[in-house]
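Colleague: build me a structure from this.
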Amino acid sequence: MPLLMGQRITAELSGAELHVIKKLGEGAQGEVYLVDGPQGYQAVKWYKAEQATAEQRAAVLYLVRTGPPFGAGGKRFIWPLDLVTSASSRQFGYLMSRIDTQRFAELGEIWAHLKPVPNFSALCEISYQLANSYRSLHLSGHCYRDISAGNLMFDPKSGDILICDNDNVGVNRQSRCQVWGTMEYMAPEIIRGQADPSTQTDLHSLAVLLFYLWVWHHPFHGEMEYRFHCWDIPAKKKVYGETPVFVFDPENPSNALPPDPDYAIARERWQYCPVPLKNTFIRAFTEGLAYPDRRVTEGEWQNLFSSIKDRIILCPRCNAENFSCPDEESTCWHCHTRIPSPPALTIRRPSGEIQIALGIGSAILRRHLAQLQPQDDGSVKVGIIVSHPSVRGAAGIRNLTKNAWQAAFPDGSITEVPPGRAVPLNPGVVITVEGILMTVTAPKNNGIV
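Modeller: So this is what the prediction gives:
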């Protein structure tokens with residue numbers, strides 16, 4: 001039975017009494033309610049009678065007692081906080097944090113123009129945080145088993161994410177589950193009955209979700225899907241599991257996008273994707289289909305979205321975001337203006353060099369300086385590019401750390417940069433931060449003086 005407004009329910013482990021305020025929504029497994037209790041307003045997922053099994057109860061209790069993965073990645077999961085029961089029912093549910101639905105959006109709301117479309121910076125951040133969070137979950141020994149757009153919410157402006165419906169998380173390759181995923185996101189081997197959900201199958205689902213975020217289309221919805229007159233279960237099994245072919249497979253055009261206006265958005269958004277992202281999607285949906293052990297990992301996605309976000313520049317004419325290529329001019333996707341190669345900061349780390357395109361407001365993050373522990377997403381700002389207060393066109397990088405930096409200039413002079421102060425970004429300046437060298441590698445006439 002559904003919960004009633006005003007009904008009292010109990011958080012079993014804490015003993016807290018909760019009052020049902022109103023119903024917020026409904027899904028396949030149960031209803032979600034707003035409740036009030038000692039911690040203020042929270043939410044409860046209340047299972048339908050057929051879903052309220054002993055196995056699901058045990059799964060929820062396990063998750064409550066285990067807690068979410070550590071670090072920033074784990075904090076993005078709306079994790080079960082307590083088992084919730086009612087004296088008048090055999091059904092149960094679980095307590096969780098309430099989501100600010102004014103701030104956070106679902107992908108469907110973006111498609112319906114109910115929430116703003118994320119720009120490239122936000123889209124990179126959404127994708128990075130997704131990869132970072134699932135990496136944290138997998139490193140904790142768990143698999144999600146139902147990665148889909150329906151379980152993701154994000155801030156279209158900042159790119160911050162939340163991952164919902166975590167009650168199906170389980171120990172990788174051990175615990176059983178009532179839910180095996182959403183078919184359009186399932187790995188082909190699950191659909192064919194050759195494998196159970198695992199961290200390896202999660203990687204396929206993650207790639208599909210990322211493709212949806214960037215292209216607004218399913219990676220296998222091409223000529224094969226177009227020719228089916230009845231989009232039923234056998235048709236879906238054929239396209240998603242039995243003979244899946246990537247719509248942008250460079251070697252196999254049999255499932256390319258049809259010449260139909262309904263597919264125009266997918267074709268256009270694919271063109272916006274930077275080359276490294278296109279190549280990674282191609283690998284995920286060609287090699288990754290045939291060889292599950294070669295799928296793109298969460299760490300690879302994480303590094304990719306971090307690097308392409310670092311190369312975003314603004315068009316000087318229309319201010320649209322564009323992805324730049326080192327030492328190459330770009331053409332704005334929006335107004336077709338030629339954009340010169342931007343100034344860049346080359347950071348020499350033990351793990352390899354990276355380059356950051358420089359513009360006012362560009363940030364140097366902790367993850368730019370060093371390899372991080374899995375629990376740390378490296379989002380803390382170390383420095384930020386600021387304009388000179390009185391010299392037009394001049395810029396500098398402000399020290400946001402608590403320690404002094406050292407700056408070496410081309411004329412041989414060396415100066416200390418205390419916290420809160422900025423060092424001019426003249427070409428050839430070498431800045432030392434925590435033993436890491438950062439060099440301005442841009443020509444003087446590109447805006448850094």
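
Colleague: who does the longest strand along the chain touch, helix- and strand-wise?
Modeller: Assignment by DSSP state E gives strand 17-26 as the longest strand of the chain. In this structure, strand 17-26 makes packing contacts with strand 8-11, strand 30-37, strand 40-47, judged by 3 or more C-beta pairs under 8 Å, 6 or more residues apart in numbering; DSSP states H and E. Placement of C-beta: from N, CA and C, glycine included.

Colleague: for the ones you listed, give me TSV that also has distance to F305 and mean neighbour count.
Modeller: Below are the helices and strands packed on strand 17-26 laid out as TSV (distance: least, C-beta to C-beta, whole Å; neighbours: other C-beta atoms under 10 Å):
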stretch	distance to F305	mean neighbour count
strand 8-11	38	20
strand 30-37	30	21
strand 40-47	30	20
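
Colleague: now render the ones you listed as JSON lines, adding mean pLDDT and distance to Y134.
Modeller: Output for the helices and strands packed on strand 17-26, formatted as JSON lines (pLDDT from 0 to 100; distance: least, C-beta to C-beta, whole Å):
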{"stretch": "strand 8-11", "mean pLDDT": "97", "distance to Y134": "28"}
{"stretch": "strand 30-37", "mean pLDDT": "96", "distance to Y134": "23"}
{"stretch": "strand 40-47", "mean pLDDT": "97", "distance to Y134": "21"}
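
Colleague: any chance of the ones you listed in TSV, plus distance to G361?
Modeller: Output for the helices and strands packed on strand 17-26, formatted as TSV (distance: least, C-beta to C-beta, whole Å):
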stretch	distance to G361
strand 8-11	44
strand 30-37	38
strand 40-47	35
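
Colleague: quick one: which of those is nearest G378?
Modeller: The minimum distance between G378 and those falls on strand 40-47, with 30.1 Å, by C-beta to C-beta.

Colleague: and that closest one, how far out from the chain's middle?
Modeller: 25 Å (C-alpha atoms, centre = their mean, to the nearest Å).

Colleague: helices or strands up against it?
Modeller: strand 17-26, strand 30-37, strand 92-96.

Colleague: would you mind writing the CA trace of stretch 20-35 as PDB?
Modeller: Output of stretch 20-35 as PDB, limited to C-alpha atoms (Å, rounded to 0.1, in the frame of the first residue of the first chain):
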ATOM      1  CA  VAL A  20       5.000  11.800   5.500                       C
ATOM      2  CA  ILE A  21       4.500  15.200   3.900                       C
ATOM      3  CA  LYS A  22       3.700  14.400   0.300                       C
ATOM      4  CA  LYS A  23       4.400  12.200  -2.600                       C
ATOM      5  CA  LEU A  24       7.300  13.300  -4.900                       C
ATOM      6  CA  GLY A  25       7.300  10.700  -7.600                       C
ATOM      7  CA  GLU A  26       7.000   7.100  -8.600                       C
ATOM      8  CA  GLY A  27       9.100   4.500 -10.400                       C
ATOM      9  CA  ALA A  28       9.100   0.900 -11.300                       C
ATOM     10  CA  GLN A  29      10.200  -0.200  -7.800                       C
ATOM     11  CA  GLY A  30       8.300   2.200  -5.600                       C
ATOM     12  CA  GLU A  31       7.200   5.700  -4.700                       C
ATOM     13  CA  VAL A  32       9.300   8.600  -3.300                       C
ATOM     14  CA  TYR A  33       7.900  10.700  -0.500                       C
ATOM     15  CA  LEU A  34       9.000  13.900   1.200                       C
ATOM     16  CA  VAL A  35       9.200  13.300   5.000                       C
END
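
Colleague: please parse this structure into its domains.
Modeller: According to automatic domain parsing, the chain comprises the domains 8-96, 107-303, 342-446.

Colleague: can you pull out the strands in the stretch 301-449 of the chain?
Modeller: Along the stretch 301-449 of the chain, the segments classed as strands by DSSP state E, counting those that start in this stretch run 312-314, 321-323, 330-331, 338-339, 344-349, 352-357, 363-365, 381-387, 395-399, 405-408, 414-417, 422-424, 430-433, 436-440.
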